[in-house]
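Peer 1: Kindly generate the corresponding structure for this input.
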Amino acid sequence: MLDCDLSAALDGSVTFAYVVRNAGETPVTCRFSDAARMEVVVTEGGAERWRSSDGQVFAQVLGEETLAPGESVTYEAEWADPPTGRYEARADLLARERSCAARVAFEVP
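Peer 2: Numbering: from 1, shown residues only. Just a heads-up that it's a prediction; the model follows:
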């Protein structure tokens, strides 16, 4: 069983930290279709404002990561120079047979 959390840290840019934890009692293997592990989408009033994969090219190689019970992995994405506003971000794990979504609201002054 996977548990996840998303945080947003502001320092001129917004750095998203997406933590995926194995909250179960047995190892969990996540299989991926390419080098991308997660996607962050930022919305403002329901309209998409930023997507972490925009402008990115990911190696087309299969991959997997196994998390032992209690183990976690952190993925990061950075939104450079965001405009002022109130936003909501959603991060999704891009594993083929596993899902885990987390949200965070934040404001750029």
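Peer 1: is the residue nearest the centre of the chain in a bridge, and if so with what?
Peer 2: Central residue of the chain (C-alpha atoms, centre = their mean): Ala91, 3.7 Å from the mean position. Taking DSSP bridges as the rule, Ala91 bridges to Val40, Ala102.
Peer 1: in this protein, which spans are strands?
Peer 2: 2-11, 13-22, 28-32, 38-44, 47-51, 63-67, 72-79, 85-93, 101-108 (DSSP state E).
Peer 1: okay, those in JSON lines with mean pLDDT next?
Peer 2: As requested, those are arranged in JSON lines below (pLDDT from 0 to 100):
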{"stretch": "strand 2-11", "mean pLDDT": "98"}
{"stretch": "strand 13-22", "mean pLDDT": "98"}
{"stretch": "strand 28-32", "mean pLDDT": "95"}
{"stretch": "strand 38-44", "mean pLDDT": "98"}
{"stretch": "strand 47-51", "mean pLDDT": "98"}
{"stretch": "strand 63-67", "mean pLDDT": "94"}
{"stretch": "strand 72-79", "mean pLDDT": "97"}
{"stretch": "strand 85-93", "mean pLDDT": "98"}
{"stretch": "strand 101-108", "mean pLDDT": "98"}
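Peer 1: May I have the phi/psi pair for Ala23?
Peer 2: Here is the backbone geometry of Ala23 (degrees, to the nearest 10): phi -90, psi 0.
Peer 1: That one and Ala80, how far apart?
Peer 2: Between Ala23 and Ala80 the computed distance is 33 Å (C-beta to C-beta, to the nearest Å). From N, CA and C alone the C-beta is placed, and that goes for glycine too.
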